[in-house]
Structures are given as structure tokens and as C-alpha cells.
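S.K.: Provided below for reference: sequence and predicted model.
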Amino acid sequence: MYLGLDLGTSGLKALLIGEDQEPRAEASAPLSVSRPASGWSEQAPADWIAAAEAALDALAAEADLSAVRGIGLSGQMHGATLLDASGEVLRPAILWNDTRAAAEAAELDADPAFRAITGNIVFPGFTAPKLLWVARHEPGIFARVAKVLLPKDYLRLWLTGEAVSEMSDAAGTSWLDVGARDWSEPLLAKTGLSRAHMPRLVEGSEVSGHLRPELARRWGFLPSVPVAGGGGDNAASAVGVGVVEAGRAFVSLGTSGVLFAATEGFAPAPETAVHSFCHALPDRWHQMGVILAATDALNWFGRLVGQGPAELTAALGAELQPPGRTLFLPYLGGERTPLNDAAIRGAFIGLEHATDTAAATRAVLEGVAFAIADCAAALAATGTRIEHLLAVGGGSRSDYWLTLLATVLGTDIARPEAGDYGGAFGAARLAMMAATGAGAEIATPPPVERHFTPVAELTGAFAEGLARYRAAQSAIRGLT
Ligand SMILES: Nc1ncnc2c1ncn2[C@@H]1O[C@H](COP(=O)(O)OP(=O)(O)O)[C@@H](O)[C@H]1O
Ligand SMILES: O=C(CO)[C@@H](O)[C@H](O)COP(=O)(O)O
């Protein structure tokens, strides 16, 4: 069997698959996010380890882990985990959706070397500007930084004792020469760091280290199980759903919203705010547009009205309604693609007496769909083509949301059959590649449960809705 561990923002998932790639067992443990100030988003790395321990305890109770031949890792990207020379964590990890480093990001982005070498905008949520923020606001901590690790790579350090990262996640730091697949020493130097502060790099399908003997004994693994490089959660999910060739793409409705497309080669287009990153497989690259709040926005609204996300979407029924008068802009903590605006905040526009919970829920789902349509326009502007689009992530369980998204994007969307095709599955596949020498051929697309097609009678109304959303977006910039 092969084990995938996915360190998501809302929880850690462990998935065991067999040689036939069928699931054998799974377990998960929840995680929460701390928001100590506006735009801040943190987690304690100790909570990640505790979640991994809880998930492995549950998995070991269900399955014989001595059959595991490889472990793969997937995780939320961009987070800064700062360690001192003895490997102690220096402060809570600063996460991907934390925008405190907006000024530092703008400063680095104004230096042409960053876009030239990384092929990307330096977004506030990326790792390099966070280190500049720490150097300026917490100089005592910065002086003690010996290693900077991404979230799943901290999990790897605990699992193997080795500081290693892989290309897909490293591409989101603003320190990687993304075309050359190596750290850029000139860029590291611009934030007061050097290669010595960085983990060693491998490809996602290569062995990065081996499970520590005490952990192997604790959960009944054989000694020295190989741990694969794995991938950032989006690249790992792409391996899980077979999005490894140009033309194939997925939309993810998780805490963030992501439109991810495999590309022919490295295709930088920083002016569009599209991310152009290494894929988790050697010599492959991808693009993605990222919005900071997808299910995060639905969960936020659910907390206000005291209802869960599944309850809110189920209450809408199956039939797509035309866009309502109420418009929602989902920028709860700023936005990445296409705005690159850390200061913008969300809005409800067009509230009236008739606005009830269902109407506001529809507005939230529509706002997220419009924001993803902006990502689609940004990818299209770079010349990237999307021929097959799959939906993944917790929000894709909602038929209403996928019908809406298909109508707004004007394209078919396929939902995989029930099962877990997210980051944990992709990580398990990467573990299988590292352990057996298999390659991209095992990253096949999943069986499709249902195709969602645009509702032709509503396409025009939603095109008008998208135009209204874009007008509102321009109007509120600087106001919120
Ligand atoms: N039926 C549903 N309708 C809409 N959203 C849902 C439904 N079921 C789950 N979700 C959303 O999916 C989210 C989890 O998605 P997931 O992809 O696991 O997120 P992440 O990887 O960011 O942790 C939940 O927080 C919830 O908002
Ligand atoms: O920042 C990004 C991608 O650039 C996010 O997609 C994170 O990687 C977190 O993902 P989820 O927790 O929403 O899956």
C-alpha cells in the first residue's frame, strides 16, 4: 500500500491506497486557523504534528501499516515555518492567505529580478515577503532563523529528520528559479537569506528521505519506508486527477478557489496575476489562478446565520436560479488573481427587504463563481487552453455550485465519482512513483460521476451578472 498525507488548511487527511490505486483506509483530523489581526492567518506547527499523530493512530487501528511501501506528502502552500539552529519552531507559521506582508511584497515585486527569475508576481501570501516582514517587525526572531520550511516540509522533517522540499511547493516561495528548478541565490540574498536557510530540493516523485525508526515502530510500519517529495496541495491534487498534460485542468473549491491547468512548458505571465509554477513531476509546469476565499467565504457566511455549508447549499435545491439582485464580492482577506490587492475587502451589494438566507447564499456562491471566471479569463489571456475541466475540493459536493460554475464559465465540468481524489490521493500516487519507479502514466484521470453543463437559458443573465460583478469590483477598490 501507499500512504498520502495532505496537510490542508482546515484539516489533515491520511489516505491509504493499494497497488491497484483503490482506497484501503482513510482518517483525518481537523485544524483551525488563528487570525490575531486583520489580514493575518496563522497555525502552530505543533498542531500539524498532533493532527498527523491523531490521523495515523486512527489509520493504524483500521489497517496494517506494515504493508506500506511508500509515503507521500501534500500540503497548503506558501506558509513560512521558521526554525532555529536546533530545529525549534520560532513563531506560529504565517499561512498562504496571510496578507500582512503586502508592503514587503510590493517592494520585492518592484525589483525586476523577482518576476524575471521566478516568472511570478511576488504576492503578499508567498514566502519571501513574509521573511522580510519578520526581519522588520520581529528582528530578534529573524536573527535566529536557521531554516525556512513550507508546511508539509515541516511534517517531512518530523517524519524523516530531513529538511527537504520539492519543486511544486518551492515555486510558491518567490525564491525559486522556476524555469531552472533550483533556488536562486541572488533572490535569497535580497531577503537576507542564503541557500543554507533552504531545504534540499527533489522532484515530487523522488525519494526525499526515510521514515524515522521510532515512528515506524510506533505505528507498525516496516523500517525505512521511503518518503516521496510529494507536492503543494494543488500540484498533488493535479497528479490525483490526471491533470498532467496540457489541455487538462481542474477547479478546486476548497478554503481557497483554484483554477489549475497543466501547460506545455514553463509559461510565465506575471502581468496577468496567474501563477506559473513547477508541477510535481519532473520537467512539467502548470499555471493557476487563485482566489483566497471559496469555501472560506461560504463558511464565514454560514457562521453568521448559524448553518453549515452543506445545509446552506442543499437548501437551494437542484435547479439553478437566475442571478439575484444581491451581489457578493468574496474578498474577506484580500485577493490574488487577478487583482493582487491585499487591501480590498468583501461586500454585499444590493441588499433589500426580500434578501433572505437563501438569496444571500446564492450571492456568495455566485460571487465565488464570478471570481473564478476572472481566473479563467486571466489564464485564457496567457494563451493557455482548457479542454477538460474537473471539479475537486469540498465545495464540489454541491450540485448547485457546479451547475452555476459551468454556466458562468460557459464550459462543461466533470465531477469525479465519490472518493478522495484530492491532495492525499495525489501524494499517495507520488509515493507509488518514488517507491516503484513508475511515472506520469499512473496519473490517470478518475472515473466521472456526473457532467455539469451550462444552463443555456441562463448564460446571458450570468454574463450580465459577471459584468456587474466586475463593475462592483472596480467601484469598491479603495473603498473597503
Ligand atoms: N455539500 C457542500 N456544499 C458546499 N460546500 C461544502 C459541502 N461539503 C463541504 N463543503 C465545504 O468544503 C470545505 C472543505 O473543503 P476542502 O477541499 O477539504 O478544503 P481545504 O483543502 O482548504 O482544507 C468545508 O470547509 C466546507 O465549506
Ligand atoms: O495559496 C494557495 C495556492 O497558491 C492555496 O491553494 C493553498 O495551497 C491552500 O489551499 P487549500 O487549503 O484551499 O486547499
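M.R.: Received the coordinates, thanks. Numbering: from 1, shown residues only. Ligands and ions are numbered 1, 2, ... in the order given.

S.K.: can we go C-alpha only for contacts and neighbour counts from here?
M.R.: Will do.

S.K.: gap between stretch 428-437 and the chain center?
M.R.: 21 Å (Cα atoms, centre = their mean, to the nearest Å).

S.K.: Which residues does that stretch contact?
M.R.: 2-5, 15-17, 21, 69-73, 204-207, 226-230, 236, 239-240, 438-439, 442-443 (Cα atoms under 8 Å, 6 or more residues apart in numbering).

S.K.: Just the buried residues of that stretch, please?
M.R.: 428-435 (16 or more other Cα atoms under 10 Å).

S.K.: ok, and does the helix or strand residue 311 falls within reach over to ligand 1?
M.R.: Here residue 311, judged by DSSP states H and E, is contained in helix 309-314. Yes - using Cα under 6 Å from any ligand atom, helix 309-314 reaches ligand 1 at 309-310, 313.

S.K.: Can you name the residue of the stretch 101-250 of the chain nearest to ligand 1?
M.R.: Going by Cα to the nearest ligand atom, ligand 1 is nearest to residue 233 of the stretch 101-250 of the chain, at 7.8 Å.

S.K.: ok, how many other residues are close to that residue?
M.R.: Neighbourhood size, residue 233 [other Cα atoms under 10 Å]: 26.

S.K.: For it, give me its contacts.
M.R.: 6-8, 74-77, 422-423.

S.K.: farthest pair in those?
M.R.: Spanning the widest gap among these are 77 and 422, at 14.4 Å by Cα to Cα.

S.K.: okay, the two: which has more neighbours?
M.R.: The residue with more neighbours, out of residue 77 and residue 422, is residue 77; 29 against 26, by other Cα under 10 Å.

S.K.: Which helix or which strand is home to residue 55?
M.R.: Secondary structure from DSSP H and E places residue 55 in helix 45-62.

S.K.: does ligand 2 sit close to that helix?
M.R.: No - legend: contact between helix 45-62 and ligand 2 by Cα under 6 Å from any ligand atom is lacking; minimum distance shown is 13.3 Å.

S.K.: Same check on stretch 5-22?
M.R.: Yes - counting by Cα under 6 Å from any ligand atom, ligand 2 is contacted by stretch 5-22 at 8-9.

S.K.: Could the C-alpha coordinates of stretch 220-237 be exported in CSV?
M.R.: Written as CSV, here are the backbone C-alpha positions of stretch 220-237 (Å, rounded to 0.1, in the frame of the first residue of the first chain):
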residue,chain,number,x,y,z
GLY,A,220,3.8,-0.6,12.9
PHE,A,221,5.4,0.5,9.6
LEU,A,222,8.4,-1.5,8.3
PRO,A,223,11.7,0.2,9.0
SER,A,224,12.9,2.9,6.5
VAL,A,225,9.8,3.3,4.4
PRO,A,226,10.7,5.9,1.6
VAL,A,227,9.0,9.3,1.8
ALA,A,228,8.4,10.9,-1.6
GLY,A,229,8.9,14.6,-2.3
GLY,A,230,5.1,15.0,-2.9
GLY,A,231,3.7,18.3,-3.9
GLY,A,232,2.0,21.5,-2.9
ASP,A,233,-1.7,20.6,-2.5
ASN,A,234,-2.7,21.9,-5.9
ALA,A,235,0.0,20.1,-7.8
ALA,A,236,-0.6,16.9,-5.8
SER,A,237,-4.3,17.2,-6.5
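
S.K.: buried stuff in that stretch?
M.R.: Buried-residue list, stretch 220-237, by 16+ other Cα under 10 Å: 220-222, 224-237.

S.K.: Just the ones of those in helices?
M.R.: 233-237 (DSSP state H).

S.K.: Columns distance to residue 466 on top of these, output as TSV?
M.R.: Below are these laid out as TSV (distance: Cα to Cα, whole Å):
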residue	distance to residue 466
233	29
234	26
235	28
236	31
237	28
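
S.K.: Buried among the contacts of stretch 428-437? Make that a PyMOL selection.
M.R.: Here is the PyMOL command that picks out the buried ones among the contacts of stretch 428-437, judged by 16+ other Cα under 10 Å:
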select buried, resi 2+3+4+5+15+16+17+69+70+71+72+73+204+205+206+207+226+227+228+229+230+236+239+240+443
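
S.K.: Quick one: mark the members of the contacts of stretch 428-437 that sit in helices.
M.R.: 236, 239-240.

S.K.: what's the single longest helix in the protein?
M.R.: The chain, longest helix under DSSP H: helix 357-381.

S.K.: helices or strands up against that one?
M.R.: strand 257-263, strand 285-291, helix 295-305, helix 309-314, strand 327-329, helix 399-409, helix 456-476 (3 or more Cα pairs under 8 Å, 6 or more residues apart in numbering; DSSP states H and E).

S.K.: Repeat the analysis, applying 7 Å as the threshold.
M.R.: strand 257-263, strand 327-329, helix 399-409 (3 or more Cα pairs under 7 Å, 6 or more residues apart in numbering; DSSP states H and E).

S.K.: now, of the ones you listed, which is deepest in the fold?
M.R.: strand 257-263 (a mean of 27; mean count of other Cα atoms under 10 Å).

S.K.: Show the average pLDDT along that one.
M.R.: What strand 257-263 shows for mean pLDDT is 98.

S.K.: Compute the inter-axis angle for it and strand 285-291.
M.R.: 160 degrees (axes from the mean of the first three to the mean of the last three Cα atoms, to 10 degrees).

S.K.: Wait, residue 210 touches residue 225, no?
M.R.: Yes - using Cα atoms under 7 Å, residue 210 is in contact with residue 225, at 5.4 Å.

S.K.: backbone phi and psi for the residue lying closest to residue 335 once chain neighbours are set aside, please?
M.R.: Leaving aside its sequence neighbours, residue 335 sits nearest to residue 341 (Cα to Cα, 6 or more residues apart in numbering; 5.3 Å). The phi and psi torsions at residue 341 (degrees, to the nearest 10) take the values phi -130, psi 100.

S.K.: Quick check: residue 341 vs ligand 1, distance?
M.R.: Distance of residue 341 to ligand 1, given as Cα to the nearest ligand atom, to the nearest Å: 21 Å.

S.K.: That residue is in contact with residue 334, isn't it?
M.R.: Yes - counting by Cα under 7 Å, residue 341 sits close enough to residue 334 to count as a contact (5.7 Å).

S.K.: And these two? Which one has more around it.
M.R.: residue 334 (22 against 19).

S.K.: Now do the same contact list for the residue nearest to the more buried one when sequence neighbours are not counted.
M.R.: Nearest-residue entry for residue 334: residue 342, 4.2 Å, with adjacent residues in sequence omitted and distances by Cα to Cα, 6+ apart. With contact taken as Cα atoms under 7 Å, 6 or more residues apart in numbering, residue 342 is in contact with 99, 102, 334-335.

S.K.: Show the buried residues in these.
M.R.: 99, 102, 334-335.

S.K.: Out of those, which two sit at the greatest distance?
M.R.: Taking Cα to Cα, no two of the buried ones among the contacts of residue 342 sit farther apart than 102 and 335, at 11.3 Å.

S.K.: still on that earlier bit, could you pull up the mean pLDDT of the longest helix of the chain?
M.R.: Mean predicted lDDT for helix 357-381 stands at 98.

S.K.: Look at residue 143 and say how many residues are nearby.
M.R.: Look at residue 143: counted by other Cα under 10 Å, it has 12 neighbours.
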